[in-house]
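S.K.: this is a predicted model, with the sequence first.
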Amino acid sequence: MSIFDTLEKRHHVLKYKSEPVPDELLKNILYKAWKITPSKQNCMPYNVSVLGPDKQKEKNIIYDKVVGGNKFFESKGLTKDTKANPKMISKYIFKENPSYYHVLSNSHLLIFSQRVAKEPNIFYKTAVRGNGHYFEQCELDEVENIAESVSFEVGLFVSNLTALCIENKIDVSYNDCYPKSKFPWKDTPYLWYDKEKKVANVHSIMSIGYGDYYRHEWLKKIHKTRDDIKPEVNEVVKWI
Amino acid sequence: MDLKLSHYDLLETKRKHVRKYSEKIPEKQLIEDALWKAWKTTPGKNNAMAYEVLVWGPDMQIYKEAIHSLCVKSHKAAEDRAVADESLPEIQKTQKGEQNPFYEHVKHNPYLLTIHSRISKPNPFYQLKIKDGHFYDQGYESHISKIVDSVAVEVGIFAGNLTNYLLESGLDMSYNSCFKRDVKSWHNVGLTMVKQRPILMVTIGYAEKYRRDLLKEWGKDKLDYKPDIKEIVRWL
């Protein structure tokens, strides 16, 4: 099967089956994703924290942050009135978004957060010493400056992990609705990049499991499949 | 090209950072097909795809040289910071002023992609959701820098997917994320067609020489390794 055919099978999951993905299988997939994902200066300045089936308490904490993030963004929506965001006309009542339930209920939940690297590898140590090369991934005060390129690298890892999961008939879903600030992570010490200040920079959240009910099925049920479309390819790809 | 390669085998054996591309220019159709497949299979928050991929083809050499100059300037600025840092030991305060040869692929390639932020419009589904109080942050110029980290994750997914399709077609490619990120710097070197913040560069062609070949020649291929998987993936 071509990779295109594989990736065409990726669908956002609204509900996972209760059957967990075997840890050994996921460990093997994560090893492969680690192995094939490149990184600037071979540094991989991020951590992938894996919450397995027995970590529901930790998943609840993350889910609460996602709901809080959603509430925060919608509160912004209420105050904006522009062409892109015309003022709402119906009475607003905050409701939890069912598209986020996969964060709460899944086989495994992965959280990608930034880390400060301990030291460069031997090749880059030589480059630093000999050529004034700057290995910014080791510097605590550069975390925010390099966040954008770390996000890109996380995306590469996510892309590879997704393809490997789907090849193994495992579903994945992503979430990007969580606090973007580094401060509201005091109750998740495993994500801190600065243990003294108890702060974290989360780049992505991804759930893994066997899908039971998918978002595209729900869209079909409510007759909205044709409304939830991507921009045309020529809006995204432009030949100069 | 063997289409039966698994995703892992394809990436493990075929993706290698290019030091130098050959003169052979890939057919435009191969690039268009790979870009279409990446567009089709890459998801986006709110289906917005709040980025645009600018394709600089074989006849755009003058622009590629301008873009390369933005990589060199950015690299030099980073090295200047290292040299100026008083906390670094004296031994690190050397600077030879040499250009990093591993950015050459940005200047000499058949195809260069630069990926930039883009202000998006909500689709009919999200237009309705906005009326229910949904905030479509990808629709605002003022939010471009606020959401750029989220968009960069999506760009990474797009680039990862694109990589698969390019490699499947027998092409080589390389990434670069070291460049000036303010649009003004791009305008200053004549790239006035660029309207939004750049996030990533990808080069495409047929490789003549890979970075790993050079490291091997220098006897340094074993020195440039990744952190151990236990440092990156942590099971709680």
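M.R.: Arrived safely, thanks for sending.

S.K.: okay, CA-based contacts and neighbour counts for the rest of this
M.R.: Will do.

S.K.: okay, and the helix or strand of chain A with the least pLDDT?
M.R.: helix A:122-131 (a mean of 81; mean pLDDT, DSSP states H and E).

S.K.: list the buried ones in that helix?
M.R.: Going by neighbour count (16 or more other C-alpha atoms under 10 Å in any protein chain shown), the buried part of helix A:122-131 is A:Phe123, A:Tyr124, A:Lys125, A:Ala127, A:Val128, A:Arg129, A:Asn131.

S.K.: now for the residues you listed: which two are most distant?
M.R.: Farthest pair in these (C-alpha to C-alpha) is A:Phe123 and A:Asn131. Separation: 11.8 Å.

S.K.: ranges for the helices of chain A?
M.R.: Ranges of helices within chain A are A:3-7, A:23-36, A:56-79, A:101-104, A:122-131, A:147-167, A:215-221, A:233-236, based on DSSP state H.

S.K.: the strand or helix carrying B:Val153 near chain A at all?
M.R.: Element membership for B:Val153, per DSSP states H and E: helix B:148-168. Yes - Helix B:148-168 comes into contact with chain A (C-alpha under 8 Å from any C-alpha of the partner chain), by way of B:148-150, B:152-161, B:164-165.

S.K.: quick one, what contacts residue 102?
M.R.: Using chain A here. Counting by C-alpha atoms under 8 Å, 6 or more residues apart in numbering or on different chains, A:His102 makes contact with A:Val13, A:Leu14, A:Lys15, A:Tyr16, A:Ser173, A:Ser207.

S.K.: that was the other one, I meant chain B.
M.R.: B:Phe102 is in contact with B:Arg19, B:Arg211, counting by C-alpha under 8 Å, 6+ apart.

S.K.: any idea how far chain A is from it?
M.R.: 11 Å (C-alpha to the nearest C-alpha, to the nearest Å).

S.K.: beta-bridge partners for the residue nearest the centre of chain A, please?
M.R.: The residue lying closest to the centre of chain A (C-alpha atoms, centre = their mean) is A:Ser204, at 2.2 Å. Taking DSSP bridges as the rule, A:Ser204 bridges to A:Phe112.

S.K.: ok, it touching A:Ser173?
M.R.: No - with contacts defined as C-alpha atoms under 8 Å, A:Ser204 does not count as touching A:Ser173, sitting 10.8 Å away.

S.K.: B:His116: what secondary structure?
M.R.: Recorded secondary structure, B:His116: strand (DSSP: H, G, I helix; E, B strand; the rest coil).

S.K.: for it, give me the pLDDT.
M.R.: pLDDT recorded at B:His116 is 98.

S.K.: show me the contacts for it.
M.R.: B:Tyr51, B:Glu52, B:Val53, B:Leu54, B:Gln196, B:Arg197, B:Pro198, B:Ile199, B:Leu200.

S.K.: who's in contact with the second one?
M.R.: With contacts taken as C-alpha under 8 Å, 6+ apart, B:Glu52 has the following neighbours: A:Glu235, A:Val236, A:Val237, A:Lys238, B:Ile115, B:His116, B:Ser117, B:Arg118.

S.K.: next one: phi and psi at the last one?
M.R.: Backbone torsions of B:Arg118, given as degrees, to the nearest 10, read phi -150, psi 140.

S.K.: so where's the chain shaky on pLDDT?
M.R.: You didn't pick a chain, so chain A it is. For chain A, the stretches with pLDDT under 70 are A:80-91, A:132.

S.K.: that answer is for a different chain, and I need it for chain B
M.R.: In chain B (pLDDT under 70), the answer is B:1-4, B:76-99.

S.K.: if you set the cut-off to 80 instead, what comes out?
M.R.: Applying pLDDT under 80 to chain B picks out residues B:1-4, B:74-101, B:132-133.

S.K.: where along it do the strands fall?
M.R.: All strands of chain B, identified by DSSP state E, fall at B:18-21, B:51-56, B:111-117, B:172-176, B:198-205, B:207-210, B:233-235.

S.K.: ok, which of these comes nearest B:Pro101?
M.R.: strand B:18-21 (7.7 Å).

S.K.: who does the closest one pair up with?
M.R.: Using DSSP bridges, strand B:18-21 pairs in its sheet with strand B:207-210 (antiparallel).

S.K.: buried residues in the partner strand?
M.R.: Those would be B:Ala207, B:Tyr210, for strand B:207-210 by 16+ other C-alpha under 10 Å.

S.K.: one more: stretch B:186-198?
M.R.: For stretch B:186-198, by 16+ other C-alpha under 10 Å, it's B:Trp186, B:Leu191, B:Val194, B:Gln196, B:Arg197, B:Pro198.

S.K.: what's the answer for stretch A:210-224, then?
M.R.: Within stretch A:210-224, the residues scored as buried using 16+ other C-alpha under 10 Å are A:Tyr210, A:Gly211, A:Tyr214, A:Arg215, A:His216.

S.K.: do stretch B:53-72 as well
M.R.: Quick answer for stretch B:53-72 (16+ other C-alpha under 10 Å): B:53-57, B:61, B:63-72.

S.K.: quote the end-to-end distance of it.
M.R.: Start-to-end span of stretch B:53-72 (C-alpha to C-alpha, to the nearest Å) is 22 Å.

S.K.: is it anywhere near chain A?
M.R.: Yes - judged by C-alpha under 8 Å from any C-alpha, stretch B:53-72 comes into contact with chain A at B:Val53, B:Leu54, B:Val55, B:Trp56, B:Gly57.

S.K.: quick check: the farthest pair among those residues?
M.R.: Greatest spatial distance among these (C-alpha to C-alpha): B:Val53 and B:Gly57, at 12.4 Å.
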